[in-house]
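Student: What follows is a predicted protein model with its sequence.
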Amino acid sequence: MVKAVVGEETRLHLAEDRLSRSSLPAEVGLLMGKLSSTLDRGFVFDLVPTPRNDAGQPACSLMETAKDDKKKGSKSKSQAVDSSSLLIDKDWVAEHARQVSRMLVGGMNVVGIYVWASEISFKNSTMVLCQTIKTVAEAASMLEADPDEKLLIHVCYSPRRWTCRNCTLSSNITSSSLRPCDFKMGRVLTSLQTFKCLHNFDLRLPIYHESASTSQTLSDNLPHGISIYANELRSAKAMIDGKLVVSDETCTTDGLHEVELLLPFTQATYIGACSQKDIIGVLVFTGSVCSFAHLNSKEPISQAIADIKGDIIRSLQSRLDILCDEADGHLSPSDDGDREARDETLQKKPVPQLVLHSLRKICSLPFPRRVFVPWLMGTFVCDYLQPSETFEVVKDHCVELMSMEAPSETSKILEPEAEAPSTITGSFWDLVAPSSSSMEKSKENPKVDNGQKAIKSTNINFIAAVFFLLLSIIIGYFLVIRQ
């Protein structure tokens, strides 16, 4: 449990100045930071206000619960003011948290919410704030290891002060779930260390007959494969700057640290115990993921490795979620020379509704590629671009979601992933055990080999076997005659 919280003083002072100049009666937003279980401390990097909703309404406003009756004099007026409470659009704040969590790298999370309000309106809105924290936690949670607690920072303007509370998440959340914790401001971002990893992956998921499995669509198969791969990734060993990590100690050197993950040589559990009778194809999910993680100087190296692994899984899940959110996404046949023969149903059906066992062609689907944007004092946030999108989309997301200045030069946006991950569907025996020649071809071209070479080599072997069989019969016949 987090017992103390440290906020980045430069960012929090800027946020306080912005709020005091805005003359807003109330505001709600997200806390960017990290909750360290090893140190029992929380770190707040920045405050990101939730933008207005689609109707142009603020996510948080004041609501007068008592009627202002002029006939009752000044006493009733003071009671009306004292009874004011916060009206928060919980679903909109949760949607903001869901989209912002996709833009964060390893070691950074949506750790809670903040609210700018008076002391009285804050006390009258405790239950609403608890419910908002719970919805935000559910929307921003993408990993099983996410902590079961969030922070609530109250920036009070009457009187002016900062207070922090720890909210324990449970099924029956109440006002008693909020507990005060120590809060202070200091230098947080300058003590962060940066780790980078470029990880290659290759997932092969079986496509079953309609009667053999309930997972029929792309959105059903890939989450299952990603969850299995996440379990394998957790057992991977790590090398940092070329040295195998064998001890759990802090990192004492500065600069960018290169991380390499070493997966164990185990049989792929996502295609184990499969027979040709049950499987009609294979869904191949392959590519490279670039991951960044930021570690506090007092945390052990093992936490950086865990953050890198979590960021890789979160990145894969985010790309799949983006595709599922795009209703006009579709699979396109990988054979460029046969565009006229495309299945019209593939062009009309959105990605979540694609029934994989009904596909009759080898198809490929490029996933969004990950790009990185400089954020605060050497840290990064990320975004995902579809093949048809440009850097202007990244700039808009930075301004709308993160309330940060968009990079003036596109050269500052990093593109470490040479090629975005992609999914490929094809014949089971062509994809589950490809020959060496087809593997080399797939590295040069993401299209899938149709297996004609394997068929030709099989025919040659069969003819040679028949020839040697006939030759042995003839030789045996002549030996019997001679005897």
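Tutor: Here it is on my side, so go on.

Student: Checking the residue nearest to S61 when sequence neighbours are not counted next. Helix, strand or coil?
Tutor: Spatial nearest neighbour of S61, excluding adjacent residues (Cβ to Cβ, 6 or more residues apart in numbering): L87 at 5.0 Å. All C-beta atoms are positioned from the backbone trio N, CA, C, and that covers glycine. When classified by DSSP: H, G, I helix; E, B strand; the rest coil, L87 comes out as strand.

Student: For L87, report the pLDDT, please.
Tutor: We have a pLDDT of 95 for L87.

Student: where does the residue lying closest to L169 once chain neighbours are set aside fall, phi/psi-wise?
Tutor: Nearest non-adjacent residue to L169, counting by Cβ to Cβ, 6+ apart: D148, 4.9 Å away. Dihedral pair for D148: phi -90, psi 40, per degrees, to the nearest 10.

Student: Give me the pLDDT for D148.
Tutor: The model's pLDDT for D148 equals 85.

Student: Pull the contacting residues for it.
Tutor: Applying Cβ atoms under 8 Å, 6 or more residues apart in numbering to D148 gives the contacts 168-170.

Student: same thing but 10 Å
Tutor: 1, 137, 141, 167-170 (Cβ atoms under 10 Å, 6 or more residues apart in numbering).

Student: what do you get for L316?
Tutor: 201, 203, 222-223, 225-226, 229-230, 285, 287, 289, 367, 421.

Student: And the helix or strand that contains S121, what does it pack against?
Tutor: Taking DSSP states H and E as the criterion, S121 maps to helix 119-123. Under the contact criterion of 3 or more Cβ pairs under 10 Å, 6 or more residues apart in numbering; DSSP states H and E, helix 119-123 touches helix 73-82, strand 84-88, strand 109-117, strand 149-157, strand 160-168.

Student: So which elements touch the next helix-or-strand element following it?
Tutor: Using DSSP H and E, the helix or strand that follows helix 119-123 in sequence is helix 126-140. Here helix 126-140 touches strand 27-36, strand 60-64, strand 84-88, helix 90-102, strand 109-117, strand 149-157, strand 160-168, strand 178-180, going by 3+ Cβ pairs under 10 Å, 6+ apart.

Student: Among the contacts of D148, which pair sits farthest apart?
Tutor: Spanning the widest gap among these are M1 and S141, at 17.7 Å by Cβ to Cβ.

Student: who has more neighbours, the two?
Tutor: S141 (18 against 12; other Cβ atoms under 10 Å).

Student: Isn't the more buried one up against R98?
Tutor: Yes - between S141 and R98 a contact is recorded at 9.5 Å, counting by Cβ atoms under 10 Å.

Student: Which neighbours do these two have in common?
Tutor: Contacts common to S141 and R98, judged by Cβ under 10 Å, 6+ apart, are V110.

Student: Give me the buried stretch members for stretch 247-264, please.
Tutor: The neighbour-count check on stretch 247-264 (16 or more other Cβ atoms under 10 Å) flags 251, 257, 259, 261 as buried.

Student: ugh, wrong one, stretch 40-55
Tutor: 41-50.

Student: pLDDT weak spots in this structure?
Tutor: Counting by pLDDT under 70, the chain shows low-confidence ranges at 65-82, 144-145, 171, 210-216, 266-277, 327-363, 418-462, 483.

Student: Let's verify V6: helix, strand, or coil?
Tutor: Relying on three-state DSSP, one would call V6 strand.

Student: helix or strand for the most centrally placed residue in the chain, which one?
Tutor: For the chain, the residue nearest the mean C-alpha position is R314 (2.8 Å; Cα atoms, centre = their mean). If you go by DSSP H and E, R314 is part of helix 301-325.

Student: Run the angle between that helix and strand 27-36 for me.
Tutor: 140 degrees (axes from the mean of the first three to the mean of the last three Cα atoms, to 10 degrees).

Student: now helix 301-325, how far from the chain's geometric center?
Tutor: 4 Å (Cα atoms, centre = their mean, to the nearest Å).

Student: Any buried residues in that helix, and which?
Tutor: 301, 303-324.

Student: sorry, back to before: could you flag which of the contacts of L316 are buried?
Tutor: Among those, those buried by neighbour count (16+ other Cβ under 10 Å) are 201, 203, 222-223, 225-226, 229-230, 285, 287, 289, 367, 421.

Student: Dump the residues you listed into JSON lines; add secondary structure and distance to C181 as well.
Tutor: Shown next, in JSON lines, are these (DSSP: H, G, I helix; E, B strand; the rest coil; distance: Cβ to Cβ, whole Å):
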{"residue": "F201", "secondary structure": "strand", "distance to C181": "39"}
{"residue": "L203", "secondary structure": "strand", "distance to C181": "41"}
{"residue": "L222", "secondary structure": "helix", "distance to C181": "39"}
{"residue": "P223", "secondary structure": "helix", "distance to C181": "35"}
{"residue": "G225", "secondary structure": "helix", "distance to C181": "39"}
{"residue": "I226", "secondary structure": "helix", "distance to C181": "34"}
{"residue": "Y229", "secondary structure": "helix", "distance to C181": "36"}
{"residue": "A230", "secondary structure": "helix", "distance to C181": "31"}
{"residue": "F285", "secondary structure": "strand", "distance to C181": "42"}
{"residue": "G287", "secondary structure": "strand", "distance to C181": "41"}
{"residue": "V289", "secondary structure": "strand", "distance to C181": "35"}
{"residue": "F367", "secondary structure": "coil", "distance to C181": "40"}
{"residue": "P421", "secondary structure": "coil", "distance to C181": "40"}
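
Student: which one of the residues you listed sits closest to R187?
Tutor: For the buried ones among the contacts of L316, the nearest to R187 is V289 (31.2 Å; Cβ to Cβ).

Student: follow-up on the earlier one: so which of the buried residues of stretch 247-264 belong to helices?
Tutor: If you go by DSSP state H, the buried residues of stretch 247-264 have nothing in helices.

Student: Sweet, I'm off.
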